[in-house]
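>>> Sequence and predicted structure are below.
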Amino acid sequence: MLSRTAETLYWLARYVERAENTARIIDAAARLSAMPAGYSGDHNEWATAVAATGMSDLFNRLHGEANQQTVVEFLGFSTENPSSIRSCLEVARANARAVRTALTIEMWEAINGAWLEMKRFSSDSMTRTKLSEFLSFVKEANLRFDGSAYRTMLRDDAFDFFQLGVFIERADASARILFAKHDFLEDDSASRGTGHDYFQWTAILRSVSAQTSYHWVYRDSVKPELVADLLILNRRMPRSIASCYENVTRRLDLLARAYGRQGPSQRLAYDIYDRLNDSEIRTVMRSGLRSFLTEFIEDNNKLGEAITEQYLV
């Protein structure tokens, strides 16, 4: 496979995944901001949503205040934000068009249809009902595209590069969502179970569709340490960092087998995966969730660079 084709498939998957993750972050912020003042606390949930995407610097240059209008425009529709939902779907469609022959008919129809449907929405007059409709559309569009890829793509190196993009991006999103909320998760007073804490933790779970899974796994009330455990170390949770890296290492192994050699990306991926497997959530929380997540996000970015250097250039 041409490295150009592999790169396009890899980033196609990442941009579609990023669009969905951004929609989930906006959804969580909208739910929390709608809570009474006694539950929402002193935090600006819209500013936290921007922080979770890693785009605070750009947002601050473009907008003076983080509120529903400015954040929805910036994260959902801004052409100046390369990670906005609109930008992600636009680039994803362009990438899909560039590798049209490597995709199945169902995949092309899913991403092309999503881009055409996106044009129905704008940030103007975005009521709460319209916002809910928009976010549901983005999440459903990703499910259609991801499902069509899983059900129709040939299991070859093209599929492996596509899946690498999905799980590298998903791991980054899970880490950033937790990083944006680390102050709540690390707060010693959280164990008192205030209404504010409960809705913050529940918002984290909702943002990755894990609220039901949490109760199935832990059979307990929502607690910060268990929320962190589910989204970092529990491999049964498909959006957890450990689960993502289980899939990343598997795909890199398949590529190594297909091309007859291993390289820096395989070694770095296994190093990260082994550290996750050797970690315990109590140790992570005690040593500092912020530092753990910061290190992981940096390592995940390094792995993306290693994959690019080894396969995509």
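That came through fine.
>>> Going by C-alpha atoms from here, please, whenever you check contacts or count neighbours.
Noted.
>>> Please tell me how far the residue in the chain sticking out farthest from the centre sits from residue 5.
The centre of the chain is farthest from one residue, residue 260, which by Cα atoms, centre = their mean lies 31.3 Å away. Counting by Cα to Cα, to the nearest Å, the separation of residue 260 from residue 5 is 19 Å.
>>> do residue 66 as well
Residue 66 is 39 Å from residue 5, by Cα to Cα.
>>> Give me the more crowded residue out of those two.
More crowded of residue 66 and residue 5, by other Cα atoms under 10 Å: residue 66, with 20 against 16.
>>> In terms of pLDDT, where does that one sit?
Here, the pLDDT recorded for residue 66 equals 92.
>>> Go ahead and confirm it touches residue 46.
Yes - if you go by Cα atoms under 8 Å, residue 66 and residue 46 touch, sitting 5.6 Å apart.
>>> what are the phi and psi angles of the residue farthest from the centre of the chain?
Note on residue 260: backbone dihedrals following degrees, to the nearest 10 are phi 80, psi 10.
>>> cool, and residue 304?
Per-residue torsions, residue 304: phi -60, psi -40 (degrees, to the nearest 10).
>>> wait, what's in contact with it?
residue 168 (Cα atoms under 8 Å, 6 or more residues apart in numbering).
>>> now swap in residue 162 and tell me
Here residue 162 is in contact with 6, 9, 10, 11, 12, 13 (Cα under 8 Å, 6+ apart).
>>> What helix or strand is the second one located in?
When secondary structure is defined using DSSP states H and E, the element that contains residue 9 is helix 3-33.
>>> about what we covered before: can you list the contacts of residue 162 in a markdown table and add pLDDT and neighbour count?
Formatted as a markdown table, the contacts of residue 162 follow (pLDDT from 0 to 100; neighbours: other Cα atoms under 10 Å):
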| residue | pLDDT | neighbour count |
| --- | --- | --- |
| 6 | 96 | 23 |
| 9 | 98 | 26 |
| 10 | 98 | 25 |
| 11 | 98 | 22 |
| 12 | 98 | 26 |
| 13 | 98 | 26 |
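>>> which among those residues gets closest to residue 112?
residue 12 (12.3 Å; Cα to Cα).
>>> what's the burial count for residue 46?
24.
>>> again, but for residue 207
Residue 207 - counted by other Cα under 10 Å - has 20 other residues nearby.
>>> out of everything not next to it in sequence, what's closest to it?
Leaving aside its sequence neighbours, residue 207 sits nearest to residue 24 (Cα to Cα, 6 or more residues apart in numbering; 4.9 Å).
>>> if I look at the one you found, how far off is residue 150?
To residue 150, residue 24 is 21 Å away according to Cα to Cα.
>>> if you count what's nearby, which of these two comes out ahead?
residue 24 (24 against 14).
>>> Tell me if I'm right that the more buried one and residue 137 touch.
No - counting by Cα under 8 Å, residue 24 sits too far from residue 137 to count as a contact (11.3 Å).
>>> Return the residues in contact with residue 95.
8, 9, 11, 12.
>>> So which of those residues is the closest to residue 298?
Distances from residue 298 to the contacts of residue 95, taken by Cα to Cα, are shortest for residue 11, at 18.6 Å.
>>> check contacts around the closest one.
Taking Cα under 8 Å, 6+ apart as the test, what residue 11 contacts is 92, 95, 162, 165.
>>> Correct me if wrong: the last one contacts residue 13.
It refers to residue 165. Yes - at 5.1 Å, residue 165 and residue 13 qualify as touching, with contact defined as Cα under 8 Å.
>>> can you name the two of the contacts of residue 11 that are farthest apart?
The widest separation within the contacts of residue 11 (Cα to Cα) is 13.0 Å, between 95 and 165.
>>> Common neighbours of these two, please.
With Cα under 8 Å, 6+ apart, residue 95 and residue 165 have common neighbours 9, 11, 12.
>>> Mind telling me what element the residue sitting nearest the centre point of the chain is part of?
Relative to the mean C-alpha position of the chain, the nearest C-alpha, by Cα atoms, centre = their mean, is the one of residue 173, at 3.0 Å. Under the criterion DSSP H and E, the helix or strand holding residue 173 is helix 157-180.
>>> is it true that the residue nearest to the centre of the chain touches residue 21?
Yes - at 6.6 Å, residue 173 counts as touching residue 21 under the criterion of Cα under 8 Å.
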